[in-house]
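> no FASTA, just this:
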């Protein structure tokens, strides 16, 4: 239900963006393919060993957050120079 609502919001945003192109008429119906996508994700989640992959995902996420934090500190240090 939540993914359906998110996809409907994305569909509405796409429809608003494509509103000026009234001569071109096509429909983007993403909500009808949710059962197919959900079954595919369930199959992938069953096959992939998440116990082994989850720590790697956390490490990659932590490295990106560390890099973002260091770059923010460097930017603040360049904007407000300290003696």
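On my side now, so go ahead. Predicted, not measured: the structure shown is a model, and the values here were computed from it.
> where in this structure is pLDDT low?
Judged by pLDDT under 70, the chain has its weakly predicted residues at 21-32, 83.
> Break it into its domains for me.
Per automatic domain parsing, the structural domains of the chain span 1-47, 49-83.
> how about those domains in CSV, adding mean neighbour count?
C-beta: built from backbone N, CA, C; applies to glycine. Below are the domains of the chain laid out as CSV (neighbours: other CB atoms under 10 Å):
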stretch, mean neighbour count
domain 1-47, 10
domain 49-83, 9
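> how about the helices in the protein?
Ranges of helices within the chain are 2-17, 34-47, 50-79, based on DSSP state H.
> who's in contact with residue 2?
By CB atoms under 8 Å, 6 or more residues apart in numbering, no residues touch residue 2.
> any idea how far residue 35 is from it?
For residue 2, the distance to residue 35 equals 15 Å [CB to CB, to the nearest Å].
> Residue 69 now?
Taken as CB to CB, the span from residue 69 to residue 35 is 40 Å.
> cool, residue 61 as well?
30 Å.
> now residue 78
According to CB to CB, residue 78 and residue 35 sit 51 Å apart.
> cool, and residue 55?
31 Å.
> Residue 1 now?
Residue 1 is 13 Å from residue 35, where distance means CB to CB.
> go on, residue 59?
Distance from residue 59 to residue 35, counting by CB to CB: 34 Å.
> start to end distance for stretch 41-60?
Using CA to CA, to the nearest Å, one end of stretch 41-60 lies 22 Å from the other.
> How about residues contacting it?
Contacts of stretch 41-60 (CB under 8 Å, 6+ apart): none.
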